[in-house]
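Enquirer: one predicted model, sequence on top.
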Amino acid sequence: MATHFNVPTTEEVSEGNKAIFSNLEKGLGFVPNLYATFAYNDTALGDYLTLQNRKSTLTAKEREVINLVVSQVNECNYCLAAHTALAKNLKFSDEEILSIRTGELPGNQKLNALAGLVKEIARNRGTVSEDKLDAFFAEGYTKANLVDVIIVIGDKIISNYLHKTTRVPVDFPAAPALETQPA
C-alpha cells in the first residue's frame, strides 16, 4: 500500500525539531522514523517526548509490558519492532516478549496481572472487568499506578495510530510474528 508520507529530514523540519533531532541522535544514535514523522508538526514531537518521558509510578519493565500489549492489540508493526528491541535491552527473553504480546506472562504473577489488564483495556476501549482490576490490585498495584497505566496506553495508541496512518518505513529489526493471534 502506498504512503503519502516520506520521513522528514533534519533540513525539512522546524528549528525546534532540529534541536530535538540532534538530541535523539546523541542519545539513540539516530532519529527513529516514527519520531521524525511527528516533526511534520512544529510542536508534536516535543509534546510526545514530554508525555513519553514523564515521571511515572511504573518501572521501565512495566511500561514495556504495556507498550508491547497495546502495540499487539493495535497490530502496529513499527511499535512491535521498536518495543521488542527495547524489551530485550531490559532483559526480557524472546519467549517472554512473545508471551507479553499475547497479554500474559505466566512466570511473573505481577506482570501477568498488568499484561492481562492492559490487553482488556486496549481491546475494549477502556472497559475493564472487575476480575482484571481485582487481579491488578491484588499484586500490589495502586490507583496511582492504574492512572499511569492508562497514560502509557494513551501514549502507545498515539504512536500506533501515527504509524498505521503514515506507514513510514520500520527502522528497527522486525518483531517475530506470533504463531497464533491473541484471543
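Expert: In hand now; what should we look at? Residues are numbered from 1 along each chain as shown.
Enquirer: can you tell me how far the residue nearest in space to the middle of the chain sits from Val31?
Expert: Nearest to the mean C-alpha position of the chain, by CA atoms, centre = their mean, lies Asn67 at 3.1 Å. Using CB to CB, to the nearest Å, Asn67 is found at 19 Å from Val31. Every residue, glycine included, has its C-beta placed from N, CA and C.
Enquirer: distance check, the residue nearest to the centre of the chain against Tyr35.
Expert: Counting by CB to CB, the gap from Asn67 to Tyr35 is 14 Å.
Enquirer: where does this protein have low pLDDT?
Expert: The chain contains residues with pLDDT under 70 at 1-2, 180-183.
Enquirer: for Thr84, give me its contacts.
Expert: Leu68, Ile97, Phe172, Pro173, Ala175, Pro176 (CB atoms under 8 Å, 6 or more residues apart in numbering).
Enquirer: measure the first one to Leu111 for me?
Expert: Noted for Leu68: a distance of 11 Å to Leu111, by CB to CB.
Enquirer: give me the common contacts of the two.
Expert: With CB under 8 Å, 6+ apart, Leu68 and Leu111 have common neighbours Ile100.
Enquirer: ok now the strand or helix carrying Arg63, how far from the chain's centre?
Expert: Applying DSSP states H and E as the criterion places Arg63 in helix 60-73. Mean-position distance between helix 60-73 and its chain equals 6 Å (CA atoms, centre = their mean, to the nearest Å).
Enquirer: noted, bye for now.
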